[in-house]
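Enquirer: How does the following fold in three dimensions:
(3 chains)
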Amino acid sequence: MISIDIVLLWLDLAGVFFFAVSGSLLAARKQFDILGSVLLASIVALGGGVIRDIIINDAPPVAFTNPVYLLPPVLAALLVYFLFSSVQRFTSLLTLFDAGGLALFCITGTLKAITAGMNPVAAILLGVTTAVGGGLLRDITANEVPTLFNARDLYALPAFLGAGLTTLLWHLGLFSGLTASVVAGVVFVFRVTAWRKGWYVPLAVRGWQRTGVGSTGNPGPRD
Amino acid sequence: MISIDIVLLWLDLAGVFFFAVSGSLLAARKQFDILGSVLLASIVALGGGVIRDIIINDAPPVAFTNPVYLLPPVLAALLVYFLFSSVQRFTSLLTLFDAGGLALFCITGTLKAITAGMNPVAAILLGVTTAVGGGLLRDITANEVPTLFNARDLYALPAFLGAGLTTLLWHLGLFSGLTASVVAGVVFVFRVTAWRKGWYVPLAVRGWQRTGVGSTGNPGPRD
Amino acid sequence: MISIDIVLLWLDLAGVFFFAVSGSLLAARKQFDILGSVLLASIVALGGGVIRDIIINDAPPVAFTNPVYLLPPVLAALLVYFLFSSVQRFTSLLTLFDAGGLALFCITGTLKAITAGMNPVAAILLGVTTAVGGGLLRDITANEVPTLFNARDLYALPAFLGAGLTTLLWHLGLFSGLTASVVAGVVFVFRVTAWRKGWYVPLAVRGWQRTGVGSTGNPGPRD
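Expert: Purely as a prediction, here's the structure:
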C-alpha cells in the first residue's frame, strides 16, 4: 500500500509542474527572457506552498529544502522554450495548466493544513490560499489584473469545492490516492467548463451589468 | 472591568469590518464579481494582521484559526452588494471606511507587538505595518497605485501618530478602552481631514511641483 | 581580527542603504511625497531581508528589532530630497544603486542561510531571493513591471553568480571580508556591464525577437 505521504508528494509535484508551465507561458506572452521564464514559473509554482508553509509555521518551506521542487520550473521553462511555437492557443493552454495546478493544490494544501493540526474551516481556507496564492503572485508580479478576479468566469469557487471535499473525505476516513484523483478531476472539469461556458456569479453590486473586466462604464463608479 | 483582551478583540474586529468594506467597494468599482468582492475584502481586512502575526511569529495567524474573523468580509460584501446603489460618493465611502480600519489597526497592531515583547520602536513599526499593510495588499492586488503613496494627502502619518500614542499610553500605564477610543478618533479625524483639505507633505525631491499623481510632467524625470 | 558577524552587519547595512536610495529615486520619479519616499526606500531595503528571515524562521526579522536598520532608508530619502536636482541621469543612478544592493545582498542573504543550517542549494536560492526580493517588492508596490523581468539586460544571473561564489568560498573555508568584497565587486561589475552593454539571454520562446518589453507585437501572442 502506498503511503499518504508519497501520494501527497506526487500530487504536489504534479501541481507544481502545471502551475510552472502557466508561469512560463505568461512569461512568453510578456516577452520575458528564458531566465525570467524560470523565475516566474518558480514564483507561481512554489509561491502558494511557501505562503502555506509560512502560515502553518512549517519553516523553512519545503520548496527551499527539497531540491526536487526546483526541477518542475526548469522543465516547464525548457518545454515552453522549445515547444511553444504555435501561439494560437496561448490563453487556452495557460488556463488548462493553471486549472491543473489549482485542482491539485487545493487538495495538497488542505491536507498539509489538516496534518498540521488545523481545524476544518482553517484547513479549507489554507487549501484555497495555497491553490490561488501562486497564481495571484504570478499575475501581480507580471503586472496583470489577477485571473482570480476575472468576473467572467469562476476561479475561487472550484478551489473552495476541492478543499471542502478533501476535508470531508479526510474526516470520513475516505481520503486515498483514488478519491484524491476523483476530487482533482472534478475541480479541473468544473474550472475548465466554467471558463469555456462563461459561467459566472453576480457582480459585486446588485443590478450592475458586465461591461468588460476593468472597464469603468457602469452606472456610475465616479472616482 | 473589561479585560484588555476583549477590548482588543472588538477593536480588531471593527477594524477588520471597516477595511473589508473598503475592499468590497474597490471590488465593485473594478467590476469584480461577488466572490471576488469577498476575496478582496478578506485580503485587505486580514492581510495586515496576517503579516503582523507572521513577523512576530505568532503562527498560525489568528485570521486562519478563529473563524469569527471570516464574518466581517462576508458581511461587507453582502452590504455592498445590496446597499451600494448610489455610486455618486464611491471614493468618499471607500476613504471613510479605510480610515476607520487604519485608525483601529494602528492601535491593535501596536498592542499585539508590545504584548509579544517587542521594543517600543519595533512596536510602532509593526503597528504601522499592520495598519497600512492590508490596504497596500488591496491596491497591489487590484493593480492600482497604492493609496499609501498618493502624494496629494496623508496616509502613513496618521498611522504613525496612532501607533506612537498607543505605545506612549501603554508605557505610561494609561492605555484603556477609553483612551484607545480617543486615539482611534484622533487618527480617524486626522486622516479624513487631511484627505478633505488636501493636506500634504513635500514631494520626494526638493522644489518639484505636483503635476498629478503618476504623471511624468516634472522638471526632468527622464524615461 | 574582525569577526564574520561584524563584516556581515556592515555589508548588510551598506546593501540596505544602496537599495534604499534606489527606492527613493523611484519614489521621486513616481512623484510620491517625502514620506512615500521613506516608505518605498524601507520596502526595497528591508523587504528582501524580512522575506529571508521569515523563510528561515528567524523571527522577528532583524529589520524590526534592530533600529539601526531604520537609518539607511531615512538617510536615503533625505539625500534624494536635497541632492537630486540633476535628473538627467535618473535611470543610471537607480540602476547603479540597485546593483550595489544586489551585489551585497546576494552575499549576506546566502551567508545568513548557511549559518541557519540550510543546505548549499537552499542557501543559494535564499541568497538570490534576498537579493532580488526587495527590488521585486519595490517595483510591484510602485505598479511597474519588475526590473527582474526586463528582457533587455541581466538581473538574476549576477545574483546567482554571487550566491554561488559565496557558498563555494564558505565551504572551501576561504570566506572573509576580503573575498566577500571581491565577490561583491564581481557581481556589481557584471550587473552594470550587462546593463550598459545590453547583454541578454534568449527570450522565453525559441526564435522570438525582442520587440520591446511589454509590447505584444510578436509572432502571435493572441490577447
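
Enquirer: which stretch of helix or strand covers the closest residue in space to A:Leu126 that isn't next to it in sequence?
Expert: In this structure, A:Leu126 finds its nearest non-sequential neighbour in A:Ala113, 3.9 Å apart by C-beta to C-beta, 6 or more residues apart in numbering or on different chains. (C-beta placed from N, C-alpha, C; glycine too.) If you go by DSSP states H and E, A:Ala113 is part of helix A:90-115.

Enquirer: How far does that helix sit from its chain's centre?
Expert: When distances are taken as C-alpha atoms, centre = their mean, to the nearest Å, helix A:90-115 is centred 4 Å away from the chain's centroid.

Enquirer: Show me which residues of it are buried.
Expert: A:90, A:93-114 (16 or more other C-beta atoms under 10 Å in any protein chain shown).

Enquirer: Average pLDDT for that helix, rounded please.
Expert: In this model, helix A:90-115 carries a mean pLDDT of 91.

Enquirer: Report the mean per-residue pLDDT for the very next helix or strand once past it.
Expert: As assigned by DSSP H and E, the chain's next helix or strand after helix A:90-115 is helix A:120-141. Across helix A:120-141, the average pLDDT comes to 91.

Enquirer: now stretch A:73-87
Expert: 84.

Enquirer: Report the buried residues of it.
Expert: Neighbour-count burial for stretch A:73-87, counted by 16+ other C-beta under 10 Å, picks out A:Pro73, A:Leu75, A:Ala76, A:Ala77, A:Leu79, A:Val80, A:Tyr81, A:Phe84, A:Val87.

Enquirer: Extract the C-alpha trace of it and format it as PDB.
Expert: Output of stretch A:73-87 as PDB, limited to C-alpha atoms (Å, rounded to 0.1, in the frame of the first residue of the first chain):
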ATOM      1  CA  PRO A  73      10.000  25.200 -13.000                       C
ATOM      2  CA  VAL A  74      13.200  24.500 -15.000                       C
ATOM      3  CA  LEU A  75      11.500  21.700 -17.000                       C
ATOM      4  CA  ALA A  76       8.500  24.000 -17.700                       C
ATOM      5  CA  ALA A  77      10.600  26.800 -19.000                       C
ATOM      6  CA  LEU A  78      12.500  24.400 -21.300                       C
ATOM      7  CA  LEU A  79       9.200  22.900 -22.600                       C
ATOM      8  CA  VAL A  80       7.800  26.300 -23.400                       C
ATOM      9  CA  TYR A  81      11.100  27.400 -24.900                       C
ATOM     10  CA  PHE A  82      11.400  24.500 -27.300                       C
ATOM     11  CA  LEU A  83       7.800  23.600 -28.000                       C
ATOM     12  CA  PHE A  84       5.800  26.800 -27.800                       C
ATOM     13  CA  SER A  85       5.800  27.800 -31.400                       C
ATOM     14  CA  SER A  86       2.100  27.600 -32.200                       C
ATOM     15  CA  VAL A  87       0.900  30.600 -30.300                       C
END
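
Enquirer: A:Val62 - how many residues pack around it?
Expert: By other C-beta atoms under 10 Å in any protein chain shown, 18 other residues sit near A:Val62.

Enquirer: no, scratch that, I was asking about A:Pro72
Expert: For A:Pro72, the count of nearby residues is 23 (other C-beta under 10 Å).

Enquirer: Tell me the secondary structure at it.
Expert: Three-state assignment for A:Pro72 (DSSP: H, G, I helix; E, B strand; the rest coil): helix.

Enquirer: could you check the angle helix A:120-141 makes with the helix holding A:Ala113?
Expert: 150 degrees (axes from the mean of the first three to the mean of the last three C-alpha atoms, to 10 degrees).

Enquirer: other SSEs contacting helix A:90-115?
Expert: Helices and strands touching helix A:90-115, by 3 or more C-beta pairs under 8 Å, 6 or more residues apart in numbering or on different chains; DSSP states H and E, are helix A:4-29, helix A:34-55, helix A:120-141, helix A:156-171, helix A:177-197.

Enquirer: re earlier: going by distance to B:Thr129, which of the buried residues of stretch A:73-87 wins?
Expert: Ranked by distance to B:Thr129 (C-beta to C-beta), the buried residues of stretch A:73-87 are led by A:Pro73 at 30.4 Å.

Enquirer: quick one: contacts for the closest one?
Expert: Counting by C-beta atoms under 8 Å, 6 or more residues apart in numbering or on different chains, A:Pro73 makes contact with A:Val16, A:Ala20, A:Gly23, A:Ser24, A:Val38, A:Ala41, A:Ser42, A:Ala45, A:Leu46.

Enquirer: Now do the contacts for A:Thr110.
Expert: The contact partners of A:Thr110, by C-beta under 8 Å, 6+ apart, come to A:Ala123, A:Ile124, A:Leu126, A:Gly127, A:Thr130, A:Gly162, A:Ala163, A:Thr166, A:Thr167, A:Trp170.

Enquirer: contacting residues around the residue lying closest to the fifth one once chain neighbours are set aside?
Expert: Going back to what we said before, that points to A:Thr130. Leaving aside its sequence neighbours, A:Thr130 sits nearest to A:Gly109 (C-beta to C-beta, 6+ apart; 2.7 Å). Applying C-beta under 8 Å, 6+ apart to A:Gly109 gives the contacts A:Gly48, A:Gly49, A:Arg52, A:Leu126, A:Gly127, A:Val128, A:Thr129, A:Thr130, A:Ala131, A:Ala163.

Enquirer: Which of the helices or strands spans the spatially closest residue to the second one that is not a sequence neighbour?
Expert: What that stands for is A:Gly49. Excluding the flanking residues, the one nearest A:Gly49 by C-beta to C-beta, 6+ apart is A:Ala63, at 5.7 Å. Assigned by DSSP H and E, A:Ala63 belongs to helix A:62-65.

Enquirer: chain center to that helix: distance?
Expert: How far helix A:62-65 lies from its chain's middle: 18 Å, per C-alpha atoms, centre = their mean.

Enquirer: Residues contacting it, please?
Expert: Here helix A:62-65 makes contact (C-beta under 8 Å, 6+ apart) with A:Leu46, A:Gly49, A:Val50, A:Asp53, A:Tyr69, C:Ile55, C:Met118, C:Asn119, C:Ala122, C:Leu125, C:Leu126.

Enquirer: what about 6 Å?
Expert: A:Leu46, A:Gly49, A:Val50, A:Tyr69, C:Ala122, C:Leu125 (C-beta atoms under 6 Å, 6 or more residues apart in numbering or on different chains).

Enquirer: Buried residues in it, which are they?
Expert: Residues of helix A:62-65 classed as buried under the neighbour-count rule (16+ other C-beta under 10 Å) are A:Val62, A:Ala63, A:Phe64.

Enquirer: Contact partners for the residue nearest to the spatial centre of chain A?
Expert: Closest to where the C-alpha atoms of chain A average out (C-alpha atoms, centre = their mean) is A:Leu102, at 3.3 Å. Contacts of A:Leu102 were listed using C-beta under 6 Å, 6+ apart, and they are A:Ala131, A:Ala159, A:Arg191.

Enquirer: Generate JSON lines for those residues, with neighbour count as supplementary columns.
Expert: Converted to JSON lines, the contacts of A:Leu102 look like this (neighbours: other C-beta atoms under 10 Å in any protein chain shown):
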{"residue": "A:Ala131", "neighbour count": "32"}
{"residue": "A:Ala159", "neighbour count": "29"}
{"residue": "A:Arg191", "neighbour count": "27"}
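
Enquirer: Many thanks, have a good one.
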